[in-house]
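Undergrad: sharing a model that was predicted from the sequence below.
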Amino acid sequence: MYAPYQIVLYTTISNFSAETLQMICERLSKTLPYFTLPEIHLADTFQKDYFNGLIHLGLKNLAAQ
């Protein structure tokens with residue numbers, strides 16, 4: 001998942017190595033050469049984050065009415 005200020009990688013953090021993260025950074029630098037890479041954040045809580053995002057959007061929508 002990409003956000004302007006960070007890239008969130010949803011994965012099992014215990015199975016994720018520093019070498020894998022380095023490889024991802026190198027490939028992203030080649031794919032997006034004109035951009036500064038944002039912070040890369042590892043998370044294993046996709047459902048929780050998705051649910052919190054839905055709540056945020058719903059409340060924002062209600063406040064706009």
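TA: Yep, that arrived.

Undergrad: quick check: which ranges of the protein have low pLDDT?
TA: 1-3 (pLDDT under 70).

Undergrad: could you pull out the helices in it for me?
TA: Ranges of helices in the chain, per DSSP state H, are 18-31, 46-64.

Undergrad: residue 8: which of those is closest?
TA: helix 46-64 (7.6 Å; Cβ to Cβ). No exception for glycine: its C-beta is placed from N, CA and C like everyone else's.

Undergrad: show me what that closest one is packed against.
TA: Packing partners of helix 46-64 (3 or more Cβ pairs under 8 Å, 6 or more residues apart in numbering; DSSP states H and E): none among the helices and strands.

Undergrad: ok, back up a step: the helices of the chain into CSV, with extra columns for mean neighbour count and distance to residue 5?
TA: Compiled in CSV, those are given as follows (neighbours: other Cβ atoms under 10 Å; distance: least, Cβ to Cβ, whole Å):
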stretch, mean neighbour count, distance to residue 5
helix 18-31, 11, 15
helix 46-64, 10, 15
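
Undergrad: give me the most central residue, the protein.
TA: residue 8 (1.7 Å; Cα atoms, centre = their mean).

Undergrad: surely residue 16 touches residue 42?
TA: Yes - judged on Cβ atoms under 8 Å, residue 16 makes contact with residue 42 at a distance of 6.0 Å.

Undergrad: now residue 53: how far from residue 23?
TA: 28 Å (Cβ to Cβ, to the nearest Å).

Undergrad: sorry, that was for residue 5
TA: Where residue 23 is concerned, residue 5 sits at a distance of 22 Å (Cβ to Cβ).

Undergrad: okay then, goodbye and thanks.
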